[in-house]
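S.K.: Next comes the sequence, and after it the predicted model I'd like to discuss.
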Amino acid sequence: KAVDQLTLDEAKAEVGPLRDRLTQWGREYYEQDNPSVEDYVYDRQYQRLVEIESRFPQLVTPDSPTQRVGGQAETQLKKVRHEIPMLSMGDVFSVDELHDFNQRQQALLPDRKRWEYNLELKIDGLSLSLVYENGKLVQGSTRGNGTIGEDVTANVMTIKDVPHQLKEPLSIEFRGECYMPKEAFVKLNQQREANGKPVFANPRNAAAGSLRQLDPSVTKHRELATFMYYIPEYQKLGLKTQAQALDKMRELGFNVNPSNRVVDSKEGLADYIEEYTAKRDQLSYGIDGIVEKVNDLDTQIKLGNTVKVPRWEIAYKFPPEEQATVVHDIEWTV
Ligand code: NAD
């Protein structure tokens, strides 16, 4: 039944099981790196929960998947607190929805006349935080539930493209995505199959499973890579824009994805999306969409965050690639 047709009682009866289902899928995905349903199945159900909760706000609970980031950091790895939370990201599924998002966003700061966006590829991996002291890598951690992540320093030390020493003696945190290149993923699954081990569902889960290992020598053989994209305390480096932040990270020796582009028009946005939708399969790493970020960093701060997502960035998600091969497409009729 369409959400706008639901009575309060019907909505009440539906949200409980819907949340339980999403929580269970979230656990499998974020904590066990082993999802049982395809992402688009999860996304559709999640979207329905968002719609029900926005129509009946009295049904929102603090433990709803719409109010929480990721999963719990439940492995035996040491825990790390993120003073600046590592958030999730809102998503849209069409260019029209993206324009609507931009209009709502721009209405929050009516005095700002010029809106520039930095567009980036949405790398299909897991978020990674890297902390440097005097230019030396001292800590690597996962997002976890956004506030408490897992300490994966020893594992990160084995990732070839992560600099142990920066080109400047900075004491600051950088964030980005840890991912497994497509080729490494195929190879790993072939090996696992040959050894009678369960295969990973996709490169993102393979990357997460490989980074969240107790034994760094396992991670070392998994051929992980990174693209760094965020400097939470950009003020310390005198940076003004997201595009500058990416350039700065390149200079410092990080691997930064080369595909970012600054645009200031709807056409620019649509062109980028069209271009990378077409190029997606040729890339050596997986992407599941495009990230649009307000380019001006102080404006990002002014826009701020909700409990779960920043208001200054949004993901445009590509349509699912191979629906026909999906075995878990469940229709939840109510
Ligand atoms: P998300 O992964 O869709 O988006 C947020 C993340 O994007 C950030 O945390 C960051 O790590 C990443 N990212 C990649 N490139 C980036 C860039 N250039 N700039 C900034 N960030 C970038 O959000 P989420 O809340 O972590 O997870 C939701 C996703 O997980 C959905 O796609 C959902 O389908 C999937 N999921 C699937 C299942 C399942 O059972 N199949 C369960 C839970 C979640």
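M.R.: All right, it came through fine. Residues are numbered from 1 along each chain as shown.
S.K.: Give the closest residue to Lys78 in space, chain neighbours not counted.
M.R.: Asp151 (3.9 Å; Cβ to Cβ, 6 or more residues apart in numbering). No exception for glycine: its C-beta is placed from N, CA and C like everyone else's.
S.K.: For the one you found, name its beta-bridge partners.
M.R.: Asp151 forms beta bridges with Ser141, as assigned by DSSP bridges.
S.K.: and it, what does it touch?
M.R.: Leu77, Lys78, Lys79, Val80, Gln139, Gly140, Ser141 (Cβ atoms under 8 Å, 6 or more residues apart in numbering).
S.K.: In PyMOL, how would I select just the buried ones from those residues?
M.R.: Paste this into PyMOL to select the buried members of the contacts of Asp151, with burial taken from 16 or more other Cβ atoms under 10 Å:
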select buried, resi 77+80+140+141
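S.K.: and the contacts of Asp151, which two are the farthest apart?
M.R.: Using Cβ to Cβ, the contacts of Asp151 span at most 13.4 Å, a distance reached by Lys79 and Gly140.
S.K.: and the residue of the stretch 101-250 of the chain nearest the ligand?
M.R.: Nearest to the ligand, among the residues of the stretch 101-250 of the chain, is Ser127, at 3.3 Å (Cβ to the nearest ligand atom).
S.K.: residues of the helix or strand in which that residue is found that come out buried?
M.R.: Using DSSP states H and E, Ser127 sits in strand 126-133. Using 16+ other Cβ under 10 Å as the test for burial, strand 126-133 gives Leu126, Ser127, Leu128, Ser129, Leu130, Val131, Tyr132.
S.K.: and what of stretch 157-173?
M.R.: Those would be Thr158, Ile159, Val162, Pro163, Leu166, Leu170, Ile172, Glu173, for stretch 157-173 by 16+ other Cβ under 10 Å.
S.K.: Which member of those is positioned nearest Val218?
M.R.: Of the buried residues of stretch 157-173, the one sitting nearest to Val218 (Cβ to Cβ) turns out to be Thr158, at 9.2 Å.
S.K.: Just the CA trace of the strand holding Ser127, in PDB.
M.R.: These are the backbone C-alpha positions of strand 126-133, laid out as PDB (Å, rounded to 0.1, in the frame of the first residue of the first chain):
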ATOM      1  CA  LEU A 126      34.300   1.600   3.500                       C
ATOM      2  CA  SER A 127      35.200   4.900   5.300                       C
ATOM      3  CA  LEU A 128      38.600   5.200   6.700                       C
ATOM      4  CA  SER A 129      40.100   7.700   9.100                       C
ATOM      5  CA  LEU A 130      43.800   8.300   9.200                       C
ATOM      6  CA  VAL A 131      45.500  10.400  11.900                       C
ATOM      7  CA  TYR A 132      49.000  11.900  11.500                       C
ATOM      8  CA  GLU A 133      51.200  13.400  14.100                       C
END
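S.K.: Right, I'll call it a day here.
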